[in-house]
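> Could you work out the structure for the sequence below:
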Amino acid sequence: MVAYLLPVWTRLPAADRMGVAAAVLAVAFVALIVGTRVRRARSRPPRRPRARTAEPVDTSWFTAHTLDGFPEEAVRAGLRSPTAPSRERLYAAWVLATHTQGADAVWLEKNLALPAEAAHLIVDAAEARRREPSARENTDTKAHGSDRPER
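Next up is the predicted model:
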């Protein structure tokens, strides 16, 4: 190949040699970039969609009793600064804490930019609310005095 290029190169006028050399270098650079991109695309495994950690949202998340048990006074008492999170963000944290298992205090702090104390108050109140119906069910069955033996 060099034997072929040398006679062609010497036939070109000296003023044109710089332009030809620049064009050859540009084509070689573009070929290198394209080849690298193609090679990386072939070696990369296909992306898998992320698994959803939360259950789908339905209308049961937003009822007249959605905010029952929300510690409004405790949260607002601890957040008197002008940079306190908005009420909507606190309500969103409450809904997520009561309806999803993965929304712990650290997750709420990170994803909703809540102060640590507010996130912990909300998560603690949500846990108490989750335990409350099961405690009510247990006392209801004991109060009615089921005569049937348990299985």
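> For the rest of this, base every contact and every neighbour count on C-alpha atoms.
Fine.
> Of all the helix elements in this protein, which one is longest?
Counting residues, the longest helix in the chain under DSSP state H turns out to be helix 14-43.
> what's it packed up against?
Here helix 14-43 touches no other helix or strand, going by 3 or more C-alpha pairs under 8 Å, 6 or more residues apart in numbering; DSSP states H and E.
> Check which residues of the helix or strand following it are buried.
Past helix 14-43, further along toward the C-terminus, the next helix or strand under DSSP states H and E is helix 72-78. Buried positions in helix 72-78, judged by neighbour count with 16 or more other C-alpha atoms under 10 Å: residue 75.
> how about the CA coordinates for the following helix or strand past helix 72-78, as PDB?
Going down the chain from helix 72-78, the next helix or strand is helix 87-99, by DSSP H and E. Taking Å, rounded to 0.1, in the frame of the first residue of the first chain, the C-alpha atoms of helix 87-99 are listed here in PDB:
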ATOM      1  CA  ARG A  87     -47.600  21.100  53.100                       C
ATOM      2  CA  GLU A  88     -48.000  19.300  49.800                       C
ATOM      3  CA  ARG A  89     -44.600  17.600  50.100                       C
ATOM      4  CA  LEU A  90     -45.400  16.500  53.700                       C
ATOM      5  CA  TYR A  91     -48.800  15.100  52.600                       C
ATOM      6  CA  ALA A  92     -47.100  13.200  49.700                       C
ATOM      7  CA  ALA A  93     -44.600  11.800  52.200                       C
ATOM      8  CA  TRP A  94     -47.500  10.600  54.400                       C
ATOM      9  CA  VAL A  95     -49.300   8.900  51.500                       C
ATOM     10  CA  LEU A  96     -46.100   7.200  50.400                       C
ATOM     11  CA  ALA A  97     -45.300   6.100  54.000                       C
ATOM     12  CA  THR A  98     -48.800   4.700  54.600                       C
ATOM     13  CA  HIS A  99     -49.200   2.900  51.200                       C
END
